[in-house]
Every structure is written in structure tokens, then in C-alpha cells.
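Student: fold the stuff below for me.
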Amino acid sequence: MSSCASILPTVLALAQQTAQGQPAQPAALPLTTMWQQVSTLDMVGALTFISFGIVCLFYGWRIFKILVTICFSLLGLLVGIWANEQLIGGNVVWLAAICILFFAILSVPLMRWGVSLLGSLSGGILTAGATLAIGLHDQKLLLAGGLIGLVAGGMISFIVFKAAVILFTSLGGSVLIAVGSLAVLYRNVEVQKLEMTMSSHRWLLPLLVLVPMTIGAILQYRFVKATQDWNA
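Tutor: Below is the predicted model:
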């Protein structure tokens, strides 16, 4: 899970660099950093990412409380690392552990707010990725698309709680599947050819996330609709 947390900012950084309209060259995009993260996953780790991503993609509505707790725990880890650097200045494990435990416990009473926030962020990532996928690489257009999705996702998430659950679980599952799939490809095809393909086709990376996310959201909606006793 910590590997996923380190890869996701890299993917977002890649999207930001792509939106700046730089030439499609391997050196112009932070693909080397992304491949460094992907290459750290062995085949077992990549298949684990794909398997867990499929579970989140199709049945995230069943385990969304666990996923929210994990997200809060990761936030607590970041806060603990920051507090450790600012207050103590050393490598103190117990401070990060306390922050992880605190945020994990805090996620229980703030579950609905956490789900709505994650749903709002998922909406922003969805529209920003769609903006890149259709070829609008201007940074202002990317920002506008992301803000539209952020606002729309937030409104939908606070009004329809199930929509927020479906949004963030399908996005999380899709990201895990994309990362695992890239790691498998990295180990089974020519690395330079794969990097050149990702560089020259800027829409490919957003589609790797958006297509499974859309499929998962549709299927989850049908599953939730058919389950009358599901209690959010």
C-alpha cells in the first residue's frame, strides 16, 4: 500500500508535465521516475496490485469503510513524517505510529465526510484525466477540467452518498490495476519501446485509468442497486 501511495503522486506529476504541452520526448517527461517506481514491483507485487484493484473496482462498495480507514492512516503517516521532521528532526518511528493510529480511529466518526471528500477528489481526477485523454494539454484547460469535476463530484458526493463510494473505490481500483499492469508490461516487453509509446501517446496513461474506472463505476452501481439491504 505504501508503494501505491508513492506511485500515485508520480502519475499525477506526469499528468501535470503533460498538460504543459512539452515535446513528446522521453527526457521531457518524468517517465524515468515513474518507471523507477514501477520497476520496484516484482511480478508477485504487480499481480497483487491487479488482484486487489479488481476487488476494489467491482466490490469497493462492500469494503469502502476499510479503504477509507487505510486512506486516513496514510494521511496520518504523512502527518507523522512531517511532524517528526519539524519537531524532532530525527527518525522517530513511534511518532508516525501514533499519528497513523490516531487518524485510523478518527476515520470512524468522520466516515461519511471522508467518503465525500474522496468522492470529490475522484471527480476532479476523472475530469482532469478526461481532459488529457481528448488531447487538451493546456495547463489552464487541465485546471479548469479538474475544478469542474472537483465541484461536481463534491456536490454529488454530499447529496448521494453511494455515488461517492462508487467514485473513489472505482478510481482506487483502476489506479492499482494500471500500476500493476504497467509493472507486468515493464518486465515482459522491451522497456525502451514501452517508454517511447507512453511518451508519444499522451492520452494512453489517462485511458489506462479512466476506462476501467468507468466500467467499474457502472457495474458497482448495478450491484448496489440490486442489493436492497446494503447500508452505507
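
Student: so where's the protein uncertain?
Tutor: Applying pLDDT under 70 to the chain flags residues 1-36, 88-92, 133, 135-138, 191, 199, 202, 228-232.

Student: all strands of this protein, in order?
Tutor: Assigned by DSSP state E, the chain shows no strands.

Student: biggest helix in it by residues?
Tutor: The residue-count maximum for a helix in the chain (DSSP state H) belongs to helix 43-83.

Student: who are the packing partners of it?
Tutor: helix 2-19, helix 93-106, helix 111-133, helix 161-188, helix 204-226 (3 or more C-beta pairs under 8 Å, 6 or more residues apart in numbering; DSSP states H and E). Placement of C-beta: from N, CA and C, glycine included.

Student: could I get those in TSV, plus columns for distance to I70 and mean neighbour count?
Tutor: Below are the helices and strands packed on helix 43-83 laid out as TSV (distance: least, C-beta to C-beta, whole Å; neighbours: other C-beta atoms under 10 Å):
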stretch	distance to I70	mean neighbour count
helix 2-19	10	17
helix 93-106	8	16
helix 111-133	11	22
helix 161-188	9	23
helix 204-226	18	17
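
Student: do you know which of these lies nearest I148?
Tutor: For I148, the closest of the helices and strands packed on helix 43-83 is helix 111-133, at 5.5 Å, according to C-beta to C-beta.

Student: what about the closest one, distance to the chain center?
Tutor: Centroid displacement of helix 111-133 relative to its chain, using C-alpha atoms, centre = their mean, to the nearest Å, is 9 Å.

Student: thinking again about what came up before, in a markdown table, list the helices and strands packed on helix 43-83 along with distance to L141.
Tutor: Formatted as a markdown table, those follow (distance: least, C-beta to C-beta, whole Å):
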| stretch | distance to L141 |
| --- | --- |
| helix 2-19 | 8 |
| helix 93-106 | 35 |
| helix 111-133 | 6 |
| helix 161-188 | 21 |
| helix 204-226 | 14 |
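
Student: what's the closest of these to L74?
Tutor: Comparing these against L74 with C-beta to C-beta, the closest turns out to be helix 2-19 (5.4 Å).

Student: who's in contact with F168?
Tutor: Counting by C-beta atoms under 8 Å, 6 or more residues apart in numbering, F168 makes contact with G60, F64, L67, V115, L118, G119, L121, S122.

Student: and what of F102?
Tutor: Contact analysis of F102 by C-beta under 8 Å, 6+ apart lists G76.
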